[in-house]
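>>> here is the input, now give the coordinates:
(one chain, ligands or ions: 1)
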Amino acid sequence: DLIRDSNGNLIKVKINNTNASAEIYMFGATLTSWVVNGQERLFLSKKAILNGTKAIRGGIPIVFPQFNTKLTTDLPSHGFARITTWKWGGININTPDRKEVSFILTDKEVNKKYLEIWPHQFKLVYTVLLDGKSLSTSLRIKNTGNEPWLFNTLLHTYFNVDDLTEAGVNGLINCNYIDTSPEGNGEKKIEDRQKIVFQKEVDSIYYDVNQKNFKLQTGFKNDIMVEKCTLPDVVVWNPWIEKSKRMADFGEESYPHMFCFEVGSVYQPIELDVDAVYEGGQVLTVV
Ligand code: BG6
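As a prediction, this is how the structure comes out:
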């Protein structure tokens, strides 16, 4: 379904297959809902602002071309892709079990004030595939300009949590990470836990992660497997109490109902040559 406003502008796209459904806003190409067998698997804040004036708090915001303020403090934190309205790329696959749609963003859609700071030409194609109980989201990044440029990218996925005391992330043991939580002080560490749990603020950047498959426990009956495709890094985040209070669109009561497990390239920026293409993404599967 294509949902339009009273002026005929496309606002969001809804897709479904036999088991599942998903909703994607044109603003940021932010996927805000993924329901499998009647259960919502993504977290969307009740206070999320959905009118295009702020990045959507929840779902899968797309971070590009920078993570936090890694390239420059003059660009918005986490870049401009999540705060720009994308173009509709159309339906690629349409069978009862498989639905695939795509969204496009080029420098032409981006506010000029950001391109003064990051003066490059690019084309992003974001593809969303519902396949049975799997959701694939992948990003194809092309340098359409005439000089190389640097970027970070991240699929900033907010998972819906039923019981945070049972929640956890499995599969990052032995990985290197930077603990950017207040307690962690930016220290470099090696993960020694089979299961990463949430008992305080967690903000960890795992870098050069060789593992590709991760199991997420969210307190709901079925776990979620994440397959990381191409991308080198993983961010695990729960803001806990104090940081929640500082985010007006989050709500301090929300932190026990979510965590973020984010695949991307955030540790080192990637250099993309003229005409080169970088492709990365994730496959989420309810098991
Ligand atoms: C995470 C970062 O990826 O995003 C956190 O590791 C940050 O430090 C979080 O707080 C949310 O960022 P924002 O810009 O959406 O509030």
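
>>> now do stretch 128-142: distance to the chain's middle.
Centroid separation for stretch 128-142 versus its chain: 12 Å, with CA atoms, centre = their mean, to the nearest Å.

>>> now it: buried residues?
For stretch 128-142, burial by neighbour count (16 or more other CB atoms under 10 Å) applies to 128-131, 133-142. All C-beta atoms are positioned from the backbone trio N, CA, C, and that covers glycine.

>>> now, the most widely separated pair of those residues?
Across those, the two members that end up farthest from each other (CB to CB) are 133 and 142, 30.8 Å apart.

>>> just checking, residue 162 touches residue 217?
No. Using CB atoms under 8 Å, residue 162 and residue 217 do not qualify as a contacting pair, with a distance of 9.9 Å.

>>> looking at those two, which one has more neighbours?
Neighbours around residue 162 and residue 217, counted as other CB atoms under 10 Å, are more numerous at residue 217. The numbers are 19 against 14.

>>> what's the spacing between that one and the ligand?
Per CB to the nearest ligand atom, to the nearest Å, residue 217 is found 20 Å from the ligand.

>>> and that residue, how far from residue 164?
Taking CB to CB, to the nearest Å as the measure, residue 217 falls 10 Å from residue 164.

>>> with residue 107 instead?
In this view, residue 107 and residue 164 are 40 Å apart by CB to CB.

>>> which stretches of the stretch 151-287 of the chain form strands?
Secondary structure of the stretch 151-287 of the chain by DSSP state E, counting those that start in this stretch: the strands cover 158-160, 168-170, 176-179, 187-190, 195-196, 202-207, 213-217, 224-229, 233-238, 258-272, 277-286.

>>> how about a markdown table for those, with mean pLDDT and distance to residue 24 added?
A markdown table is the format used below for the strands of the stretch 151-287 of the chain (pLDDT from 0 to 100; distance: least, CB to CB, whole Å):
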| stretch | mean pLDDT | distance to residue 24 |
| --- | --- | --- |
| strand 158-160 | 99 | 14 |
| strand 168-170 | 98 | 25 |
| strand 176-179 | 98 | 30 |
| strand 187-190 | 98 | 36 |
| strand 195-196 | 98 | 28 |
| strand 202-207 | 98 | 27 |
| strand 213-217 | 98 | 21 |
| strand 224-229 | 98 | 19 |
| strand 233-238 | 98 | 21 |
| strand 258-272 | 98 | 18 |
| strand 277-286 | 98 | 14 |
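
>>> now those as JSON lines including distance to residue 43?
Conversion of the strands of the stretch 151-287 of the chain to JSON lines gives the following (distance: least, CB to CB, whole Å):
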{"stretch": "strand 158-160", "distance to residue 43": "4"}
{"stretch": "strand 168-170", "distance to residue 43": "15"}
{"stretch": "strand 176-179", "distance to residue 43": "22"}
{"stretch": "strand 187-190", "distance to residue 43": "26"}
{"stretch": "strand 195-196", "distance to residue 43": "17"}
{"stretch": "strand 202-207", "distance to residue 43": "15"}
{"stretch": "strand 213-217", "distance to residue 43": "12"}
{"stretch": "strand 224-229", "distance to residue 43": "12"}
{"stretch": "strand 233-238", "distance to residue 43": "11"}
{"stretch": "strand 258-272", "distance to residue 43": "4"}
{"stretch": "strand 277-286", "distance to residue 43": "13"}
